[in-house]
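In: give me a model of this one.
(2 chains)
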Amino acid sequence: MLMNIQKVLDEKVKEAVSAIYGIALPTVEFQPTRKDFEGDVTVVVFPMLRHVKGNPVQIGEQIGTYLKKEVSEVSGFNVVKGFLNISISDSFYLSFFNKVKDNDEFGLIAVQDDAVMVEYSSPNTNKPLHLGHVRNNLLGYSVAEILKASGKKVYKTQIINDRGIHICKSMLAWQRFGNGETPESTGLKGDKLVGNYYVAFDKAYKEEIAELVAKGVEKEVAEKEAPILLEAQKMLQKWEAGDEEVVSLWKRMNGWVYEGFETTYKNLGVDFDTYYYESDTYLLGKDVVADGLEKGVFYKKEDGSVWIDLTDEGLDEKIVLRSDGTAVYMTQDIGTAIQRVKDYPDVNGMVYTVGNEQDYHFKVLFLILKKLGFTWADKLYHLSYGMVDLPSGKMKSREGTVVDADDLMEDMTQTAAAISEELGKLEDYSDAEKKELYKMIGLGALKYFILKVDPKKRILFDPKESVDFQGNTGPFIQYTYARIQSILRKAKETNVERAALVEVSELHLKEKELIKQIQLFPETIQLAAENYSPALIANYTYDLVKEFNSFYQQVSILGEEDVKKKDFRVQLSQKVGNTIQSAFKLLGIDVPERM
RNA sequence: GGCCUCGUAGUUCAAUGGAUAGAAUAGAAGUUUCCUAAACUUUAGAUGCAAGUUCGAUUCUUGCCGAGGCUACCA
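Out: Numbering: from 1, shown residues only, chains lettered A, B, ... in the order given. As a prediction, this is how the structure comes out:
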């Protein structure tokens, strides 16, 4: 027996149309029957009218009659306008349930050969991570987990932007104003300390511009000629030349930042299989560019800069190498992509988790790789997501308007603690247990808040209105999971019998709805993988949980006198709990035993 | 200017071209001698505007209005 009733019906509907009208139908359109109509699955008749002439209601009736007679799982039907609503027998759902109930891996596909590399996070090392990075990290991590669950082998990676003028700015400011401060001497997290000097640089820079303008220098000129900026540029040149002092400072300050990042990643619950550093890879692309120049993919301008002409594809000309021969962002990305395929030959596709402000960049990058003749260029995907904006607009590190990642996580944990303390359900928990739980809930709220939104859409985050803990939220789902665990503990204590195969004569409406929702889990994972969308998993889980709470309210589980029904309901609850856990794992959210 | 996203209840989010556009939150009204009330039940409230394609459009096309982004020898 097939697990999905649609697959059964698909064949049978075609068979019916063929038997009744002698016409071969290419496809059949299904949808779940809306709540306000009777039935479980609905066949939409309208699209058939292109092939079968006639009255949709009549056609629906005829197909329905055929199905009822020929398909044992079909227990009844009704036709409303052009919609054929089909009722499926309880025994179908029960037998499905028995088949999957003890499979904790239900919906997950074992890893196959097909490997994909998912890049995410990829921060600059001159400042701490903020809410924008949080979205990136959560998205990348979750998509990687979803791809794994859909049967792909996944390598998580990032490219760390550890060199460039922005780092030199922090370094220079530290040299000038730092008085030898270190994370140890200040007690500050390394990334925070370095970030402070990035801000300090900007402040000094702006002051210098103001001074110059006061002296009558044009603003645009002042912006280019402020002494501190010129010095930062000089520092970058020294770095590229391998100046010992500069390189050593660079290593030292980056080391501070990495330590800070590591803490943030750990708290956020994300991880990586392999790291790439821009300082290692920025030269790689140059050879490829030289090659491409020979092949005529690129061309050289008089000043020596190298370009690609993409006007035929409706894009512009794009620079791939500066006139002084140094690499630009694009050069490095070309090199990095090629290096990754060399390092992981089984990789058959890469996902770049990068904000939508870089849509154009990736369009160009993929096109260049294709023109260079790399067949895998077709398998590259830019997971483009919307920015996280504040009510005041875009977050800007330099202006200090960012929502810091560490602070945010701490805030969320505090809020979870406050709510939990007020409810006072966990008096017997130790402080350590409480602490762990509050973090789980706080992060659950944050992660769900971000991941439930379609990645493409921008998120407006108002720090004044804290993230909800009620309604369509992570904690609501965690709470339901905890409730289920409570039932399971009690069922165990009271020795509720646990049959290998549950057996009940008929299903309560809510029970059937729950099984239907469980049935959707595998296809939801596949859909989420195809669309690179954790939001689909989040929405699915919410629907499941909402249905369960309604069931929980309406139907007594442990209070049921019929032992077979009681057993079934306990096992159904367990399956729902297990599905919540699996789904949330794909979002990187943990679930509690109690809360 | 050119190119790319996005406009859905007061607010935050849903809706493979399908039925009466779903939730949450804020608002109103209820449910705790009953398995955890971070819950459940009821109620009111929305597709920016205008055409077009279609049996049928929130979804596809075009125009307008509005928001954001890209258009650097920055990353």
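
In: where do the strands sit along the stretch 451-595 of chain A?
Out: For the stretch 451-595 of chain A, the strands defined by DSSP state E, counting those that start in this stretch occupy A:459-460.

In: mind listing the helices for it?
Out: A:474-493, A:509-519, A:521-531, A:534-554, A:563-587 (DSSP state H, counting those that start in this stretch).

In: got the buried residues for the last one?
Out: Using 16 or more other C-beta atoms under 10 Å as the burial criterion, the residues of helix A:563-587 that qualify are A:565-587. For the C-beta atoms, the positions are set from N, CA and C on the backbone; glycine is no exception.

In: got the residues of the stretch 51-200 of chain A near RNA strand B?
Out: By C-beta under 7 Å from any atom of the strand, the residues of the stretch 51-200 of chain A that approach RNA strand B are A:Val80, A:Lys81, A:Gly82, A:Phe83, A:Asn85, A:Asn124, A:Asn161, A:Gly164, A:Ile165, A:His166.

In: number of nearby residues for the third one?
Out: A:Gly82 sits with 17 neighbouring residues when counted by other C-beta atoms under 10 Å.

In: before we move on, the earlier item: dump the helices of the stretch 451-595 of chain A to a markdown table, plus mean pLDDT and distance to A:His382.
Out: Putting the helices of the stretch 451-595 of chain A into a markdown table (pLDDT from 0 to 100; distance: least, C-beta to C-beta, whole Å) gives the following:
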| stretch | mean pLDDT | distance to A:His382 |
| --- | --- | --- |
| helix A:474-493 | 97 | 28 |
| helix A:509-519 | 95 | 33 |
| helix A:521-531 | 95 | 14 |
| helix A:534-554 | 97 | 17 |
| helix A:563-587 | 97 | 21 |
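
In: need those in JSON lines (columns: distance to RNA strand B).
Out: Output for the helices of the stretch 451-595 of chain A, formatted as JSON lines (distance: least, C-beta to the nearest atom of the strand, whole Å):
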{"stretch": "helix A:474-493", "distance to RNA strand B": "3"}
{"stretch": "helix A:509-519", "distance to RNA strand B": "9"}
{"stretch": "helix A:521-531", "distance to RNA strand B": "9"}
{"stretch": "helix A:534-554", "distance to RNA strand B": "4"}
{"stretch": "helix A:563-587", "distance to RNA strand B": "8"}
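
In: for A:Leu310, find the nearest of those.
Out: Smallest distance to A:Leu310 across the helices of the stretch 451-595 of chain A (C-beta to C-beta): 27.6 Å, for helix A:521-531.

In: name the residues of that closest one that come out as buried.
Out: A:Phe521, A:Pro522, A:Thr524, A:Ile525, A:Gln526, A:Leu527, A:Ala528, A:Ala529.

In: got these as JSON lines, with distance to A:Tyr141 columns?
Out: Shown next, in JSON lines, are those (distance: C-beta to C-beta, whole Å):
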{"residue": "A:Phe521", "distance to A:Tyr141": "20"}
{"residue": "A:Pro522", "distance to A:Tyr141": "21"}
{"residue": "A:Thr524", "distance to A:Tyr141": "18"}
{"residue": "A:Ile525", "distance to A:Tyr141": "16"}
{"residue": "A:Gln526", "distance to A:Tyr141": "19"}
{"residue": "A:Leu527", "distance to A:Tyr141": "19"}
{"residue": "A:Ala528", "distance to A:Tyr141": "14"}
{"residue": "A:Ala529", "distance to A:Tyr141": "14"}
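
In: and the two most separated of the residues of the stretch 51-200 of chain A next to RNA strand B?
Out: Across those (C-beta to C-beta), the longest gap, 65.8 Å, separates A:Val80 and A:Ile165.

In: select only the buried ones of the residues of the stretch 51-200 of chain A next to RNA strand B in ChimeraX?
Out: Here is the ChimeraX selection string for the buried members of those, based on 16+ other C-beta under 10 Å:
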select /A:82,83,85,124,161,164,166
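
In: of the residues of the stretch 51-200 of chain A next to RNA strand B, which belong to strands?
Out: Among those, DSSP state E puts A:Val80, A:Phe83, A:Asn85 in strands.

In: closest to A:Thr401 among those?
Out: For these, the nearest to A:Thr401 is A:Phe83 (51.7 Å; C-beta to C-beta).

In: nearest residue to the closest one in space, please, no chain neighbours.
Out: In space, A:Phe83 comes closest to A:Thr42 once its chain neighbours are excluded; the distance is 5.3 Å by C-beta to C-beta, 6 or more residues apart in numbering.

In: and the one you found, its phi and psi?
Out: In terms of degrees, to the nearest 10, the main-chain angles of A:Thr42 are phi -120, psi 130.

In: what residues are up against it?
Out: For A:Thr42, the contacting residues are A:Phe30, A:Gln31, A:Pro32, A:Thr33, A:Arg34, A:Phe83, A:Leu84, A:Asn85, A:Ile86, by C-beta atoms under 8 Å, 6 or more residues apart in numbering.

In: pull out the buried residues from those residues.
Out: Among the contacts of A:Thr42, the ones that count as buried by 16+ other C-beta under 10 Å are A:Phe30, A:Thr33, A:Phe83, A:Leu84, A:Asn85, A:Ile86.

In: do you know how far the nearest residue to the first one once chain neighbours are set aside is from A:Glu29?
Out: Computed as C-beta to C-beta, 6+ apart, the closest residue to A:Phe30 that is not its neighbour in sequence is A:Gln6, at 5.1 Å. As for A:Gln6, its distance to A:Glu29 is 10 Å (criterion: C-beta to C-beta, to the nearest Å).

In: more crowded one of those two?
Out: A:Gln6 (16 against 13).

In: gap between that one and RNA strand B?
Out: Remark: distance between A:Gln6 and RNA strand B (C-beta to the nearest atom of the strand, to the nearest Å) = 11 Å.

In: tell me the SS of that residue?
Out: The local conformation at A:Gln6, judged by DSSP: H, G, I helix; E, B strand; the rest coil, is helix.

In: pLDDT wise, what is it at?
Out: In this prediction, A:Gln6 carries a pLDDT score of 83.
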